[in-house]
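Student: Sequence first, predicted coordinates after that:
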Amino acid sequence: MKTAFEELMTGLDEVQAFLAGERKGFKVRVPEEVDVKSIRHKLNMTQSRFSDTFGFSLDAIKHWEGGRRTPEAPARTLLTVIDKNPAAVITALHPEALPEATTVKAARLRTMKRKTKRPFKARKAVAMAVKASGGNGTRSYPKNG
């Protein structure tokens, strides 16, 4: 078994090889199966809200959850990231969700002041994602700009 130092050195060697152009990339492990319904339930979202928030078609979600189709590799990859860190995906897909806010609570307060529904949905999705991942709603996000 490798020590932590040996693992770090191996990682640094791989980075150095990549930067020198000797290694063209790293193998990404795409999961064979993804439980879309459990991911959606974990975030406490309807199928419609899930599709709006993450850019999937509503029909695709219905087919995936019904077992009539399985997500393709790119969708499985995105679903895996959504499962592990939904707030990061929502923030990346909806930059208007946290324009100047540094916390989810600040984003919620900002939402109440705005009249458009789209940013509200995105901010609410961020808050729900943080809560679902065990956060208390005060997680910090980098400021845009």
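Tutor: Yep, that arrived.

Student: how near is the residue nearest to Ser57 when sequence neighbours are not counted to Arg29?
Tutor: In this structure, Ser57 finds its nearest non-sequential neighbour in Ser51, 6.2 Å apart by Cβ to Cβ, 6 or more residues apart in numbering. Yep, even glycine has a C-beta here, placed from its N, CA and C like the rest. Here the criterion is Cβ to Cβ, to the nearest Å. By it, Ser51 lies 26 Å from Arg29.

Student: element containing the residue nearest to Ser57, please.
Tutor: Using DSSP states H and E, Ser51 falls within helix 47-54.

Student: domains in this structure, as residue ranges please.
Tutor: As assigned by automatic domain parsing, the chain contains the domains 1-26, 36-132.

Student: what packs against the helix or strand hosting Ala92?
Tutor: Secondary structure from DSSP H and E places Ala92 in helix 86-93. Under the contact criterion of 3 or more Cβ pairs under 8 Å, 6 or more residues apart in numbering; DSSP states H and E, helix 86-93 touches helix 47-54, helix 73-84, helix 117-132.
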